[in-house]
Each structure stands twice: as C-alpha cells, then as structure tokens.
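Enquirer: sequence and computational prediction follow.
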Amino acid sequence: THYLDRIEALNPQLNAFITVDRARTLADAAAADAARAAGQAGLLTGVPMVHKDIFCQQGWKTSCGSKMLDNFISPYSAHVVEQCHAAGLVTLGRANMDEFAMGSSNENSYYGAVKNPWDLNAIPGGSSGGSAAAVAARLTPVATATDTGGSIRQPASHCGVTGIKPTYGVVSRYGMVAYASSLDQGGPIAQAAEDCALMLNVMAGFDERDSTSLERAREDYTRELNQPLSGLRVGLPREYFAAGLDADVAKVIEDAVAELKKQGAQVVEISLPNTELSIPAYYVIAPAEASTNLSRYDGVRYGHRAAEYKDLVDMYEKTRAEGFGAEVKRRILVGSYVLSHGYYDAYYLKAQKIRRLIANDFKAAFEQCDVILGPVAPTAAFNIGEKSGDPVQMYLSDIYTLSVNLAGLPGMSVPAGFDRRGRPVGLQIIGNYFGEAKMLNVAHQFQ
Ligand code: GLN
C-alpha cells in the first residue's frame, strides 16, 4: 500500500505507468502474506515490482506502448513474469515505454512521454523509461526492462539507478514482445547492484520455449559481490572518450575510474575501432528484424483492427496506418527496404559483416582486460522535445550502447555522479560473455 499510494500521488506527474490495478496487486500481496504465514516464503516473497509493458502477463493489458496492442489482454505470461511470480514478487503495475521499445527518450509511447523524476523537463531515457523513472522516484524497489540497443542501461543512467543487460541468451525472450530478436534481452533495473543481482537470480535461466535461450547451470549472481577489486584489469576504450562526449560526463567517468583505481584496479587503454559503425549497422539490422517481427500485427488475430474497410488488403492497410506510431512506421519502412531484393547485399549483409567486426573488437579487447568502462551516453538526459524532431540525432545518442548488443555481451549502468544541471550520469560496465557476476561486483564495490 505504501508503493500504491506513492504511485497514486506521483504518477500523474511522471506518467511512468500504463496500467495500475490496485485490487489485483492487493490480492497478490495477500497471497504473498499467506505464503509467509505458512512458512513458504522465499527471499523475495512479497517484494513489490513493476513489469515493463513489453512482458506478456496473464490477465494484464500488455500494450508494448502501442495503440496496436491497447486492447490486448495477455492470455499467458512471459517466462520472466512466471519466474517473478513463482518467487513471490508482487506486481504493482506495468511500466510505460517507447512504442515496441523503439526509442531513446520515451517520447514514442502511445501513452505519452515519461518525465525524469530528477527534472520534469528532462527525458527519463528509453525505451525502458517507465521502469527507470519508477525505480528512481521510489514508486517500486525493482522493475523489469529490456535492452535491444541500450534500453536498460541508458534510462538507468539518466534516472540515476542501476540496470543490467545480461549476455544474450541468459534471460528467456518467451513472452517478451519481439523487436529485434537477435538483439533483445531482458534484465532488471533497481536502486543498486545487489538488488539487480537478486533479481537476475530470479529472471535468468534456461527456457526451452526460446530457441536462443542458453542451457547453462544456474548461477548465483550475488556470489562475487564482496570481492576486492585488487588486480582487476579495467579497459578504457579510446573511442568512448573521443569528440562528442560531454565534458561533465567525461569528468564523472574519470572520477569513477580514479575511485576504482584507488580500490586496486589496473587501468589499460584499449581500442574498439569499429565503434562508430555500430550506429549504421544497428539501424539496419534492428529495423530489418523489426519489419518482419511486426508483420504479425495485421488486425486479423489480435490487437487493433480498423473499424471500417473495403476488403482484406484495405483492412491491413488501415489497421497498420492507425495502429503504429511514426517511429515504428519509419523502422518498418527502413527494414523492408534493406531486406528487399537488390538492396539486401548492400545494406543487410554489409551490416551483418560489421556486426562480426564489432564482436571481434571486443574479443581482442578482453584479452587485455577483465571489464570495460565508459560512459553510457554522450550527455546526461536531454530535454523533452529536444531531439524528437530529428531521428538521426536521436540515433547518434546510442553510440556507446549499441555495440554491446551487436556483440551479445553483458553491459550495465551504475550511478556515478551528476552533470552541472544536476542530472544523473551513469558509468557503463561492459563484461565478457557471462561476466555478469564480475560486473555486479565492480558496481557493488563502486557503490
Ligand atoms: N534506442 C535504440 C532504438 O531505438 C535502442 C532501443 C532498445 O534498446 N530497445 O532502437
């Protein structure tokens, strides 16, 4: 009730939620209390949480921030939702997000922009802006989120909270509305690394319903939290500190590195030479995958359907014209174009080759260091409306996050300081494949 009351009081300003269902939350909380009374409580039984509106949850509207799914009550739950439910976590509501997770500012939601709790004129970041804003405003202790090109790390950074995107394949995508399937990965946003570790323990795990889910032994992500950092080799990619990085952000990251050095970490300069190419490669591959994933929204099986139409093709056209927002349409157009006959080799295939080069850059870098540190975004949160008219400017702000997804690596953001306007700045920690426990340890020692 503490959190529900807080949501009621503060959400009208923040718009971090798409759905809140007080009666249902209270019923779930009562069930958790009963489990506790019966001696069946686990570590997280009764802990309130929020799901990004991209995770299907049985009986809850799962809109994915789109008019297309505004009428969609999910008949089943995502693997992540099932796991959270089984652990006894109680859902407070469903977090606002950019439509189909396409965006970096949360201005692309059908339900309106989310405000940054630190400054209501600022964006909270995207696409998981509702999750990050809700944690930052203490409307929930933890939230789920997804990261296709930065959507966990960047809003966590802009809202001064902690978030981790695991290695691709660690968290099941079953029931997570698909954007770009080869890049999408779920993960937690919380106040601190320790809470992220506890949440990841619940969210991760093999699931045969996702063909890219990895069959690995269960891990305890808290196991390395208290290790000293002495001897840890920390790589600083030259390309992450080049032109375009805001001076205040650079200073916060330098101070963070100095702090880790004080704790015994060794700093090595590394190079990720293809960093710049991550933007064109990502903005070919992600729209290509999105254009096919979103072909399912045809008005026939579920979701929005135009009220009036002449024939089947007219129904498809009107449904999609009405149901999708401008950015989603832009991605579908770009994606269909780069996959089309005659352009496939020049764009899509080329982008896939660059993707391999980017993964190889990281492979070489991890021969010299254990974790990579850098900024999450070139600036702290920008103002609402500042970049919404210029998609290319918006895409450029993803420069430090996209390569991690293209390589399938884990990445996280941990609060590190503020810019001169008092807007939060996150430190990005990039790990090698399955390096989550080590990254969480670095973050925990830093916090
Ligand atoms: N900003 C990127 C995009 O718009 C990443 C979004 C995400 O990670 N879901 O595609």
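Expert: Okay, I see it. Numbers count the residues shown, from 1 in each chain.
Enquirer: and the pLDDT at the nearest residue to Arg331 once chain neighbours are set aside?
Expert: Spatial nearest neighbour of Arg331, chain neighbours left out: Pro287 (4.2 Å); criterion: C-beta to C-beta, 6 or more residues apart in numbering. To be clear about C-beta, it is placed using only N, CA and C from the backbone, and glycine gets the same treatment. Here the pLDDT value assigned to Pro287 is 98.
Enquirer: which residues touch the helix or strand containing Pro287?
Expert: Under the criterion DSSP states H and E, the helix or strand holding Pro287 is helix 278-293. Contacts made with helix 278-293 from outside it, assessed by C-beta atoms under 8 Å, 6 or more residues apart in numbering, are listed as 100, 102, 148-149, 178-183, 328, 331-336, 338-339, 347-348, 350-352, 354-355, 358, 395-396, 398-399, 402-403, 405-406.
Enquirer: wait, Leu402 touches Gly149, no?
Expert: Yes: taking C-beta atoms under 8 Å as the contact criterion, Leu402 and Gly149 are neighbours in contact, 4.7 Å apart.
Enquirer: more crowded one of these two?
Expert: Neighbours of Leu402 and Gly149, each counted by other C-beta atoms under 10 Å, are more numerous for Gly149; the result is 29 against 25.
Enquirer: what's near enough to touch the more buried one?
Expert: Applying C-beta under 8 Å, 6+ apart, one finds that Gly149 lies in contact with Ala180, Leu183, Tyr282, Ala286, Asp398, Thr401, Leu402, Asn405.
Enquirer: state the distance from it to Leu333.
Expert: Plainly put, Gly149 is 18 Å away from Leu333 if you go by C-beta to C-beta, to the nearest Å.
Enquirer: please list the residues of the stretch 101-250 of the chain that sit near the ligand.
Expert: Listed as neighbours of the ligand in the stretch 101-250 of the chain under the rule C-beta under 6 Å from any ligand atom: Ala101, Met102, Gly103, Ser104, Ser127, Asp147, Thr148, Gly149, Gly150, Ser151, Tyr179.
Enquirer: mind doing that once more with 5 Å?
Expert: Taking C-beta under 5 Å from any ligand atom as the contact definition, the stretch 101-250 of the chain meets the ligand at Ala101, Met102, Gly103, Ser104, Ser127, Asp147, Thr148, Gly149, Gly150, Ser151.
Enquirer: the last one: helix or strand, and which one exactly?
Expert: Put plainly, it is Ser151. Ser151 belongs to no helix or strand when elements are defined using DSSP H and E.
Enquirer: quick check: it touching His158?
Expert: No: counting by C-beta under 8 Å, Ser151 stays clear of His158, with 11.4 Å between them.
Enquirer: between the residues of the stretch 101-250 of the chain next to the ligand, which is closest to Val313?
Expert: The shortest distance between Val313 and any of those, using C-beta to C-beta, involves Met102 and amounts to 25.5 Å.
Enquirer: so the closest one versus Asp21, what's the distance?
Expert: Met102 sits 26 Å away from Asp21, taking C-beta to C-beta as the criterion.
Enquirer: compare these two (neighbour count), which wins?
Expert: Counted by other C-beta under 10 Å, Met102 and Asp21 do not tie: Met102 has more neighbours, with 28 against 17.
Enquirer: what's the burial count for the nearest residue to the more buried one once chain neighbours are set aside?
Expert: In space, and not counting its chain neighbours, Met102 is closest to Glu327: 5.2 Å by C-beta to C-beta, 6+ apart. Glu327: 18 surrounding residues under other C-beta under 10 Å.
Enquirer: contacting residues for Glu327?
Expert: Asp98, Glu99, Met102, Gly103, Asn108, Pro391.
Enquirer: check whether the closest residue to the last one other than its chain neighbours sits in a helix, strand or coil.
Expert: Spelled out, it's Pro391. Nearest in space to Pro391, with sequence neighbours left out and distances taken as C-beta to C-beta, 6+ apart, is Arg330 at 6.6 Å. Here Arg330 takes the helix state, with states given by DSSP: H, G, I helix; E, B strand; the rest coil.
Enquirer: ok, back up a step: could you list the buried residues of the helix holding Pro287?
Expert: Buried residues in helix 278-293, counted by 16 or more other C-beta atoms under 10 Å: 278-279, 281-291, 293.
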